[in-house]
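> Fold the following and give me the result.
(2 chains)
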Amino acid sequence: MNPHSDLRAVEGRLRAGLHDPSWPGGSSDADALLRRVARARRRRPALIVACLAILAVVAGTTYAAAGRSLRAAPPVSGTTSPTAEPLPSDLAMNWPPQAYFADAKHGYVVLKSCAGVTTPAPLAEGRATRQCPVYLAATDDGGLSWRPRAVPGATAPDSSDLVTNVLFGSDADHLVLQATTGGPAIFSRDGGRTWTPVPTPTETTDEVPQDGVVIVLRPQTGLGSIRFVVIRTDGRAAQLTGPTILPGLPVTIDGQVGVSSDGTLWIRVVAEGLPNWDYVSRDHGGTWFEVRGPAGTGVIYRTSGPNLYAADDQKRTLWTSKDGAHWDQVAVPATAPGTHLLYEPQSDGALLIGDPSGRRAYLAEGLRYTEEPVDEHMFSQHVGAGCIKAVRDGAPFNLVSTRPAAYDLAPDCVHWGRFPFPIA
Amino acid sequence: MPDGWAFDEFVRNSLPALNRYAYSLTGDRAEAEDLLQDTLLKVSRAWRRIRADGNPLAYARTAMLRTYLSAWRSLLHRPRQVPLDHDLPRAAADPYGHVDARDQLRRGLAELSPGQRAVLVLGYLDDLSDEEIAAVLNRRPATVRSLRLRGLHALRRHLVGPGAAPDDTPNPQRLQTRTRP
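Numbering: from 1, shown residues only, chains lettered A, B, ... in the order given. Next up is the predicted model:
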């Protein structure tokens, strides 16, 4: 059956149904409706007075309770509550936040608490970093409420360049947590209530199955290869056969294995003194090809669809390619001197271009681009099905160069609210 | 009541259109009535300005759409309501098949996300183009195309059945842009 003709039939049926004279409506009694509207208008002042009165009572009660609580607090710190697993009061998100929404309701964010954690003596490299206990907060109502839980045994460095990753299987209950990229990983089948270590893979696989997630494992000692391990929802682990990063090369993997909305897999290799390059697979890991930016030091964007995009270090010049080998320059719009353009891959394979100095936005598809109306939520960060963005009042496109005070969250990338946790 | 008879007259004249719009968005008579009442309350408060602008129906439709979209978060807290028999269209003269088809469409629409539903209602009831819908929803046309395609795919699965849906992975690139004819 042809899905396109199916869709046309659905469109026809939808249009006919919505215009059908017998398509029902709500009340048809205009007089009754007008009376209800009039009553609601009269109720409003009384409602405001009532709300103010309730707020005053609640505020007074809370203030009194807080005062009692403060007065009753023990003078010595470190006293534990008799209730099980008391949560620390300094729970905070990493910067940038490590969050993920499996769908518009179910999401997670990594938290840590560094209160009382002492800083170790500086190591030889001068990179002593204290390790803070990790917590995982979960929501099942689109971020309206969160339940933080400790992750036993997991710690994360108190540093913004070493982050904790949470990755998902095929649904919201199966997740993998890796305290640092390349380090040991733990696995949960019940939304983070219980955890087991990811087993050492004893078999190999040619591709990433639908229910699998890929993590990067770095050799703990010596010059072993960087490995890519697939974890399935039943807890089995297998080593992905490609791509091969030769042992001994002074390279690291930037972040985790990226997955575009069309299933394309991206692995970014960072080599000291060399331009970064990407390994890309469009067939779930079966075959990989190398993508190197045309400008040598180019930044490659993890797009869906047939078009690849790369920009130079200064993000002023844009190229596009189909195969990662031959690049054509996109005639990006003229901008003020010194402007660094912003780029954001879209789920439909296009690339959104932002000109922060001119406050304009464009959508590139291949070599062509069209101007787009500017939206305050443009260039937010996608976290699975959801989006997050730094709270940065007044800055165009929410540009962030310093640690923001808070983050906003849209579990469906449409309706925005505030994350209830501060930034560590 | 603001401007007395003028507002009343507007409500009486536009009630059928607003009713249809509210029911298409909510798929439920009671919720449609609530949405209609909330919308008219907003319209009544801004009636002097709206009347001066000269297009109260367009204002009411936009207000209804935004009320509907902003209410969905709070609706998550409510238990999901199952439509009762008396909520079915009252159309005794129609053949049963016609009633069944309408009810199937209504139930199919109820399965969609508020964003998908809003895009489909604006596109197929109001016949707005993707660009016009994007302007109303304050979203990008590409997002509107994506929402429309996913909504149509979901609706197809409901109307035609899972066996007739070999292509379950919507690709917005395949969807042609809807423009004004």
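
> gap between the helix or strand where residue A:387 lies and the chain center?
Taking DSSP states H and E as the criterion, residue A:387 maps to strand A:386-390. Strand A:386-390 has its C-alpha centroid displaced from the chain centroid by 7 Å (C-alpha atoms, centre = their mean, to the nearest Å).

> Strands of the stretch 151-300 of chain A, start to end?
A:165-168, A:175-178, A:185-188, A:196-197, A:203-205, A:213-217, A:227-231, A:237-240, A:251-253, A:258-259, A:265-271, A:277-281, A:289-291, A:299-301 (DSSP state E, counting those that start in this stretch).

> So what's the residue count around residue B:120?
Using other C-beta atoms under 10 Å in any protein chain shown, residue B:120 has 26 neighbouring residues. For the C-beta atoms, the positions are set from N, CA and C on the backbone; glycine is no exception.

> Hmm, I typed the wrong one, I wanted residue A:415.
17.

> Which secondary structure state is assigned to residue B:50?
Reduced to three states with DSSP: H, G, I helix; E, B strand; the rest coil, the structure at residue B:50 is helix.

> wait, what's in contact with it?
B:43, B:56, B:59 (C-beta atoms under 8 Å, 6 or more residues apart in numbering or on different chains).

> Contact partners for the second one?
With contact taken as C-beta under 8 Å, 6+ apart, residue B:56 is in contact with B:10, B:14, B:43, B:47, B:50.

> one more time with 6 Å
Residues counted as contacts of residue B:56 (C-beta atoms under 6 Å, 6 or more residues apart in numbering or on different chains) are B:10, B:50.

> picking that back up, of the contacts of residue B:50, closest to residue A:13?
Nearest to residue A:13 among the contacts of residue B:50, counting by C-beta to C-beta, is residue B:59 at 30.4 Å.

> since we're on that closest one, how many residues are nearby?
19.

> of all the strands of the stretch 151-300 of chain A, which lies closest to chain B?
strand A:258-259 (14.1 Å; C-beta to the nearest C-beta).

> Partner strands of that closest one, with direction?
strand A:265-271 (antiparallel) (DSSP bridges).

> if we can go back for a sec, could you give the mean pLDDT of the strand holding residue A:387?
Average pLDDT, strand A:386-390: 86.

> can you check stretch B:70-80 too?
On average, stretch B:70-80 scores 47.

> returning to that earlier point: now tell me what touches the strand holding residue A:387 from outside.
So strand A:386-390 is contacted by A:97, A:99, A:101, A:107, A:380-381, A:398, A:400, A:404, A:407-411, A:413 (C-beta under 6 Å, 6+ apart).

> mind redoing it with 8 Å?
A:96-97, A:99-101, A:104, A:107, A:143, A:377, A:379-381, A:398, A:400, A:404, A:406-413, A:419.

> How about stretch B:102-117?
A:13-14, A:17, A:20, A:22-23, A:104, A:412, A:414, B:24-25, B:27-28, B:68-69, B:72, B:83, B:88-89, B:91, B:120, B:137, B:147-148, B:150-151, B:154-155, B:158-159.

> and that stretch, which residues are buried?
Under the neighbour-count criterion of 16 or more other C-beta atoms under 10 Å in any protein chain shown, stretch B:102-117 has B:102, B:105, B:106, B:108, B:109, B:112, B:113, B:114, B:115, B:116, B:117 buried.

> Name the member of these with the shortest distance to chain A.
Nearest member of those to chain A, counting by C-beta to the nearest C-beta, is residue B:105, at 4.3 Å.

> Report the secondary structure state of the closest one.
helix.

> How confident was the prediction at it?
At residue B:105, pLDDT is 83.

> What of residue A:113?
Looking at residue A:113, the pLDDT reads 87.

> How many neighbouring residues does it have?
Residue A:113 has 19 neighbouring residues, counting by other C-beta under 10 Å.

> Identify the residues contacting it.
So residue A:113 contacts A:88, A:90, A:91, A:92, A:132, A:133, A:135 (C-beta under 8 Å, 6+ apart).

> Point me to the residue of chain B nearest chain A.
The minimum distance from chain B to chain A, using C-beta to the nearest C-beta, falls at residue B:19 (2.8 Å).

> is it fair to say that residue lies in a strand?
No: checked against three-state DSSP, residue B:19 lies outside a strand; its state is helix.

> For the chain, just list every one of the helices.
Using chain A. A:3-19, A:30-72 (DSSP state H).

> wrong chain, I was asking about chain B
Under DSSP H, chain B gives helices at B:5-26, B:29-45, B:47-53, B:56-75, B:96-110, B:114-124, B:130-137, B:141-160.

> residue ranges with poor pLDDT in the stretch 1-150 of chain A?
The stretch 1-150 of chain A contains residues with pLDDT under 70 at A:1-5, A:24-28, A:41-85, A:119-129.

> ok, residue A:363 - contacts?
So residue A:363 contacts A:346, A:350, A:351, A:352, A:353, A:369, A:370, A:371, A:372, B:140, B:142 (C-beta under 8 Å, 6+ apart).

> how about 6 Å then?
Counted by C-beta under 6 Å, 6+ apart, residue A:363 has contacts A:350, A:352, A:370, A:372.

> Looks like residue A:103 contacts residue A:385 (just checking).
Yes: between residue A:103 and residue A:385 a contact is recorded at 5.1 Å, counting by C-beta atoms under 6 Å.

> Same drill for those two, tell me which one is more crowded.
Taking other C-beta under 10 Å, residue A:103 and residue A:385 do not tie; residue A:385 has more neighbours (19 against 15).

> how close does the more buried one get to residue A:157?
28 Å (C-beta to C-beta, to the nearest Å).

> and what of residue B:106?
Relative to residue A:157, and taking C-beta to C-beta, residue B:106 is found at 54 Å.
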